[in-house]
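K.L.:
no sequence on this one, just coordinates:
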Ligand SMILES: [Cu+2]
């Protein structure tokens, strides 16, 4: 029969336990110091958002970003702790002889700890995820601005509406064409509701700076989302993020964020019958998109579908 290690070297075992306790305490203090150091600076900025895009222009985008950073730090803390335990065990308990080490099976506190701890971690992550998700998905009955986003192959139409829902009236509209990128003008500081619908296939409305995109469905579907406000004036490229056909990658638009006064002036000019370009010029903005340009298909009767064109003509 093989003697248990603790039977052979009782005092050595107790010394070893004390050393382990000291090391664990050291690890805890070190981890706490590291966390303090990391939270003392802008962790997200230091580590480039841990892969999450930075520079969001809505409160919702910042809440999603904060959730990501906090989740990543929590995951890293757990990861470093587990990696530490693995390497410590590999080195500390490597084989030194034929005698069995101290056996720790059925250690109830330990078993309890590694069952409860993961459940707690998942519960906390779930709690904060549910809160942020509910917040991002929240819509209201009286947004300050409602814009209907109509997608079609392969461009966009933006309708400024006088109320929410499919029965509201369009008071002004901007339509993208092959020659002109559609510019969606919206104000800072006001709540904005986007109501999306498609004329043909599934598209996806995406402005990277919103850190959010949502599919645009055809049929009797209005996909709706809201932002509390846009925080930063400027020009932001918008894209279709759902593979919708041949020129999907060229289906760009521009979001132009202006001051509320300029927005009111722009909308008044549009209501008076001015083109989007003239209305943009009237508020001192560049009349054409500055972040992207129309895609030249270079299609004409000489290089596109020659055979059938010849057939039709004859
Ligand atoms: Cu598309």
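P.N.:
All right, it came through fine. What you are looking at is a predicted structure, and each value in this text was computed from that prediction instead of being measured.
K.L.:
alpha carbons only for contacts and neighbour counts from here, please
P.N.:
Noted.
K.L.:
just list the residues touching the residue of the stretch 201-314 of the chain found nearest the ion, thanks.
P.N.:
Nearest residue of the stretch 201-314 of the chain to the ion: residue 203, at 4.0 Å (C-alpha to the ion). When contacts are counted by C-alpha atoms under 8 Å, 6 or more residues apart in numbering, residue 203 is found next to 151, 152, 215, 216, 217, 240, 241, 242, 243, 244.
K.L.:
quick check: phi and psi on it?
P.N.:
When read as degrees, to the nearest 10, the backbone of residue 203 gives phi -120, psi -180.
K.L.:
likewise the one 10 residues further on?
P.N.:
With angles defined as degrees, to the nearest 10, residue 213 shows backbone torsions of phi -140, psi 150.
K.L.:
can you name the residues bridging to it?
P.N.:
When assigned by DSSP bridges, residue 213 has beta-bridge partners residue 206.
K.L.:
that older thread, of the contacts of residue 203, which ones also sit close to the ion?
P.N.:
240, 244 (C-alpha under 5 Å from the ion).
K.L.:
out of the contacts of residue 203, which are buried?
P.N.:
151, 152, 215, 216, 217, 240, 241, 242, 244 (16 or more other C-alpha atoms under 10 Å).
K.L.:
name the element residue 129 belongs to?
P.N.:
helix 108-137 (DSSP states H and E).
K.L.:
please apply the same query to residue 88.
P.N.:
helix 59-92.
K.L.:
and what of residue 195?
P.N.:
Using DSSP H and E, residue 195 falls in strand 192-198.
K.L.:
show me what that strand packs onto, helices and strands only.
P.N.:
strand 145-152, strand 212-216, strand 223-227 (3 or more C-alpha pairs under 8 Å, 6 or more residues apart in numbering; DSSP states H and E).
K.L.:
give me whichever of the ones you listed is most buried.
P.N.:
strand 145-152 (a mean of 22; mean count of other C-alpha atoms under 10 Å).
K.L.:
just the contacts of residue 203 now: which is nearest residue 118?
P.N.:
For those, the closest approach to residue 118 (C-alpha to C-alpha) belongs to residue 215, at 34.2 Å.
K.L.:
ok, back up a step: distance between the helix holding residue 88 and the chain's centre?
P.N.:
Between the centre of helix 59-92 and the centre of its chain there are 19 Å (C-alpha atoms, centre = their mean, to the nearest Å).
K.L.:
buried stuff in it?
P.N.:
Neighbour-count burial for helix 59-92 [16+ other C-alpha under 10 Å]: 59-69, 71, 73, 77.
K.L.:
of the residues you listed, list those near the ion.
P.N.:
Applying C-alpha under 5 Å from the ion to these, none is adjacent to the ion.
K.L.:
now the two most distant members of those residues.
P.N.:
Farthest apart among the buried residues of helix 59-92 - using C-alpha to C-alpha - are 59 and 77, which lie 27.1 Å from each other.
K.L.:
give me the low-pLDDT residue ranges for the stretch 1-150 of the chain?
P.N.:
Residues of the stretch 1-150 of the chain that meet the criterion pLDDT under 70 lie in 1-41.
K.L.:
how about 90 then?
P.N.:
The stretch 1-150 of the chain contains residues with pLDDT under 90 at 1-55, 89, 92-114.
K.L.:
and the contacts of stretch 217-227?
P.N.:
58-60, 136-140, 166, 191-203, 214-216.
K.L.:
then stretch 161-180?
P.N.:
So stretch 161-180 is contacted by 141-142, 145-148, 155-160, 182-184, 195, 222, 253, 267, 270-271, 276, 288, 293-296 (C-alpha under 8 Å, 6+ apart).
K.L.:
what does stretch 263-283 give?
P.N.:
Residues contacting stretch 263-283 (C-alpha under 8 Å, 6+ apart): 171, 172, 173, 174, 183, 185, 186, 187, 262, 286, 287, 288.
K.L.:
and the end-to-end length of it?
P.N.:
One end of stretch 263-283 to the other measures 8 Å (C-alpha to C-alpha, to the nearest Å).
K.L.:
contacting residues for the residue nearest to residue 292 when sequence neighbours are not counted?
P.N.:
Spatial nearest neighbour of residue 292, excluding adjacent residues (C-alpha to C-alpha, 6 or more residues apart in numbering): residue 237 at 6.6 Å. Neighbouring residues of residue 237 by C-alpha under 8 Å, 6+ apart: 207, 208, 252, 253, 254, 255, 291, 292.
K.L.:
before we move on, what about residue 107?
P.N.:
With C-alpha under 8 Å, 6+ apart, residue 107 has no contacts at all.
K.L.:
what's the answer for residue 235, then?
P.N.:
Contacts of residue 235 (C-alpha under 8 Å, 6+ apart): 254, 255, 256, 257, 289, 290, 291.
K.L.:
adjacent strands (with direction) for the helix or strand where it lies?
P.N.:
Following DSSP H and E, one finds residue 235 within strand 234-240. Paired neighbours of strand 234-240 in the sheet (DSSP bridges): strand 203-207 (antiparallel), strand 253-258 (antiparallel).
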